[in-house]
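>>> What follows is a predicted protein model with its sequence.
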Amino acid sequence: MKTSALYTGSFDPLTNGHMNIIRRAARLYDELTVGIIVNPQKKPYFTLEERKEMITEALQGFENVNVEHFEGLLADFVNSRGFDVVVRGLRAAGDFENEIQMAQMNARLFDKKVETVFLMTDPAYSFISSSTIKEVHSLGGSVEGLVPDEILRRMDEKK
Ligand code: COA
């Protein structure tokens, strides 16, 4: 039986930390969906369409990975699509508190047994977040090597 996994986030923008998790999860599971959360409360820097395009471009060559978006509860998206696994990245101890709450709440909301699996973020990227990338870039600092080249190009264009 094929195992399908979901990796979610705002990805505003996608970073090399996210890429590292995606690369490893794509090796572990038969199919991996990158699910972009659409939060009507938040005004993202990159529109949903831009993020979808950028991520699709960065993921060229990953044959078992596709990009989708969802709104509302993660558990509803999982239930409607029948994913077997939810993948999350853990960067530091601070992430753990939120993550365990989310994983346990989601476990109650899933229709079937769905495991939330945590991958430790590569230490090379454990200090980055999408917000710090945007802040450093907007103030003229270099974020080269911290985001995929295609994403850096898009960030330069948007500046
Ligand atoms: N490398 C680099 N950065 C990483 C990373 C990694 N491996 N993993 C996470 N980050 C960064 C993200 O870029 C993000 O940065 P930002 O806050 O500057 O944007 C930050 O860490 C937090 O990431 P994450 O926890 O994945 O937040 P998110 O906003 O990207 O996504 C959802 C959060 C979508 C997973 C969560 O809000 C959700 O499930 N929402 C749906 C609603 C729902 O079901 N709510 C009930 C939950 S119990």
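Arrived safely, thanks for sending.
>>> Which residue does this structure have closest to the ligand?
Nearest to the ligand in the chain, going by Cβ to the nearest ligand atom, is Gly17, at a distance of 1.9 Å. Bear in mind the C-beta positions are built from the backbone N, C-alpha and C, glycine included.
>>> Show me what the helix ranked longest in the chain is packed against.
Identified as the longest helix of the chain according to DSSP state H is helix 93-109. Helices and strands touching helix 93-109, by 3 or more Cβ pairs under 8 Å, 6 or more residues apart in numbering; DSSP states H and E, are helix 74-81, strand 85-90, strand 115-120.
>>> For the ligand, tell me whether the first one is touching it.
Spelled out, it's helix 74-81. Yes - using Cβ under 6 Å from any ligand atom, helix 74-81 reaches the ligand at Leu74, Ala75.
>>> and that helix, how far from the chain's centre?
Distance of helix 74-81 from its chain centroid, counting by Cα atoms, centre = their mean, to the nearest Å, is 16 Å.
>>> now it against strand 115-120, angle please.
Relative orientation of helix 74-81 versus strand 115-120 (axes from the mean of the first three to the mean of the last three Cα atoms, to 10 degrees): 120 degrees.
>>> Pull the residues that contact helix 74-81.
Helix 74-81 has contacts (Cβ atoms under 8 Å, 6 or more residues apart in numbering) with 4, 6, 8, 33, 35, 37, 70, 86, 102, 106, 109-112, 114.
>>> which of those count as buried?
If you count burial by 16 or more other Cβ atoms under 10 Å, the buried members of the contacts of helix 74-81 come out as Ser4, Leu6, Thr8, Thr33, Gly35, Ile37, Phe70, Val86, Asn106, Phe110, Val114.
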